[in-house]
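Student: What would the 3D arrangement of this be:
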Amino acid sequence: MEALWTTKWRWNTGYSADSVEWCPVIQHWNVFTCGTYQLNKNGSGGDHEAKQSRLGRIYLFVIDNSTIELSPNQTIETSGILDQKWCYHTIQNYPVLATATSEGILHLYRMVDENGTLNLKLWVEESIGENILALSLDWSTNKTEIEEPDIVVSDSAGSVTVLRVVGDQLLKIGRWNGHGFEAWIAAFNYWNSNIFYSGGDDCVFKSYDARVPEIAVTVNRIHEAGVTVVRNHVDMEHQLLTGSYDERVRLWDTRNLKRSITETNVNGGVWRLKWHPFQKNIILAACMYGGFKILHLEEEINVICEYLEHESIAYGADWKFVDEKPSVVATCSFYDCKLHLGEVEW
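Tutor: Residues are numbered from 1 along each chain as shown. Here you go, the predicted model:
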């Protein structure tokens, strides 16, 4: 199998771009957000504070048949955005975007229609801890719809925290001290929301059960560098992907996390992995200094396409939730502050 990836639009994000996420709520498949952060070198509290202060922006885009060029519907000034994820279903009839910030705060935004214009409005926020960065997040309900979903957040102190949306609040369910260094990633098992995973800069991949406080259920040390991505499959119950700074993408069976089923080298540290929402064996990978890649899974994982038109670290990548050809992909890169929209055919 081969794939062709062509660029449709390019846009400068101003700040360094690290995440793009298409809205999975069916009425808003044409909406996506781009998250950015940048060190504030003009801080007022001395050199140390200036180095630690991070500014961020969230850009909201709406793409339709009349779109001629990329231009955001909305720009939100905030602290640095390290990760963002849409809930796969509405909550209280609103699409909801969650963001993990450099101030260690989880923000929830509702998307509202104001006189025909879509905007994000801050709804709920909750601190994960003091003097830490919230590094990643995931929703428990990518497969099942409930009104009070859980969110798992990883942080720079090596911990993972599970919170629950209850009414107009975020309630902390538990906190697990999972890693000796940064916990780069936390993610749910979408088939069993009691189970979640984390990966850290200590090269360790762990699984947890929310019913078992404080300790991990399994601990795996097979990765040869920091674990940066964990992604469960929404349609294939036991399939799980991990990615690492060791430049390998690994496929796992969640029933046996002692060793991976197969792995492949993608020639770049793996920062994001996204299963195609409709093609069950196609994977989008952001491979840092190795660019972006399309992977095909059969007996093994094979690279079928490379996209090397970004000029900096490949960080953000996501598929548009539309079951049609060609598939639409949004990507973003860091130091060159670039957002691209492209089309992929195979």
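Student: For Ile58, which residues are in contact?
Tutor: 33-36, 74-76, 78, 81, 84, 97, 99, 109, 120 (CB atoms under 8 Å, 6 or more residues apart in numbering). All C-beta atoms are positioned from the backbone trio N, CA, C, and that covers glycine.
Student: Likewise for Lys172?
Tutor: By CB under 8 Å, 6+ apart, the neighbours of Lys172 are Glu126, Thr161, Val162, Leu163.
Student: rewinding a little: now list the buried members of the contacts of Ile58.
Tutor: 33-36, 74, 76, 78, 81, 84, 97, 99, 109, 120 (16 or more other CB atoms under 10 Å).
Student: Just to be sure, which of the residues you listed are found in strands?
Tutor: 33-36, 74, 76, 78, 81, 84, 97, 99, 109, 120 (DSSP state E).
Student: roughly how far apart are the residue nearest to Leu297 when sequence neighbours are not counted and Thr242?
Tutor: Closest residue in space to Leu297, ignoring its immediate chain neighbours: Asn281 at 4.4 Å, by CB to CB, 6 or more residues apart in numbering. Plainly put, Asn281 is 17 Å away from Thr242 if you go by CB to CB, to the nearest Å.
Student: Between these two, point out the one with more neighbours.
Tutor: Thr242 (27 against 15; other CB atoms under 10 Å).
Student: Assess the claim that that one and Val229 are in contact.
Tutor: Yes: shown here, Thr242 and Val229 form a contact pair, counting by CB atoms under 8 Å, at 6.1 Å.
Student: Overlap of the contact sets of the two?
Tutor: With CB under 8 Å, 6+ apart, Thr242 and Val229 have common neighbours Gly199.
Student: Any chance of a markdown table for the buried ones among the contacts of Ile58, columns pLDDT?
Tutor: Below are the buried ones among the contacts of Ile58 laid out as a markdown table (pLDDT from 0 to 100):
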| residue | pLDDT |
| --- | --- |
| Thr33 | 98 |
| Cys34 | 98 |
| Gly35 | 98 |
| Thr36 | 98 |
| Gln74 | 98 |
| Ile76 | 98 |
| Thr78 | 97 |
| Ile81 | 98 |
| Gln84 | 98 |
| Leu97 | 99 |
| Thr99 | 98 |
| Tyr109 | 99 |
| Leu120 | 98 |
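Student: Now flag whichever of those is closest to Lys143.
Tutor: Lys143 lies nearest to Leu97 out of the buried ones among the contacts of Ile58, by CB to CB, at 18.8 Å.
Student: so who does the closest one touch?
Tutor: Contacts of Leu97 (CB under 8 Å, 6+ apart): Glu21, Cys23, Thr33, Ile58, Gln84, Lys85, Trp86, Cys87, Leu108, Tyr109, Met111, Leu120.
Student: Quick one, grab the pLDDT at Asp47.
Tutor: Looking at Asp47, its pLDDT is 44.
Student: Can we start the residue count at 56 from this point?
Tutor: From this message on, residue numbering opens at 56, which makes the last subject Asp102.
Student: for the buried ones among the contacts of Ile113, which one is nearest Ala189?
Tutor: Thr154 (8.5 Å).
Student: Leu190 versus the closest one, what's the distance?
Tutor: Applying CB to CB to Thr154 and Leu190 gives a distance of 12 Å.
Student: Contact partners for Lys363?
Tutor: In this structure residue 363 is Leu, not Lys. Leu363 neighbours (CB under 8 Å, 6+ apart): Gly346, Phe347.
Student: again, only this time at 10 Å
Tutor: The neighbours of Leu363, taking CB atoms under 10 Å, 6 or more residues apart in numbering as the test, are Trp60, Gly345, Gly346, Phe347, Lys348, Ala369.
Student: mind checking how far it is from Phe347?
Tutor: Here Leu363 is placed at a distance of 8 Å from Phe347 (CB to CB).
Student: Now the common contact residues for these two.
Tutor: Contacts common to Leu363 and Phe347, judged by CB under 10 Å, 6+ apart, are Trp60, Ala369.
Student: which residues of this protein fall in helices?
Tutor: 102-107 (DSSP state H).
Student: circling back: could you tell me which of the contacts of Leu363 belong to strands?
Tutor: Trp60, Phe347, Lys348, Ala369.
Student: got CSV for those, with neighbour count, pLDDT and distance to Lys380 too?
Tutor: Output for the ones in strands among the contacts of Leu363, formatted as CSV (neighbours: other CB atoms under 10 Å; pLDDT from 0 to 100; distance: CB to CB, whole Å):
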residue, neighbour count, pLDDT, distance to Lys380
Trp60, 23, 98, 13
Phe347, 30, 98, 19
Lys348, 26, 98, 19
Ala369, 26, 98, 24
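Student: Now the two most distant members of those residues.
Tutor: Trp60 and Ala369 (12.7 Å).
Student: shared neighbours, those two?
Tutor: Phe347, Lys348, Tyr362, Leu363, Thr386.
Student: With respect to Leu328, which of the residues you listed is nearest?
Tutor: For the shared contacts of Trp60 and Ala369, the nearest to Leu328 is Lys348 (10.0 Å; CB to CB).
Student: what sits against that closest one?
Tutor: So Lys348 contacts 58, 60, 304, 319, 321-323, 325, 338-342, 358-363, 369, 372 (CB under 10 Å, 6+ apart).
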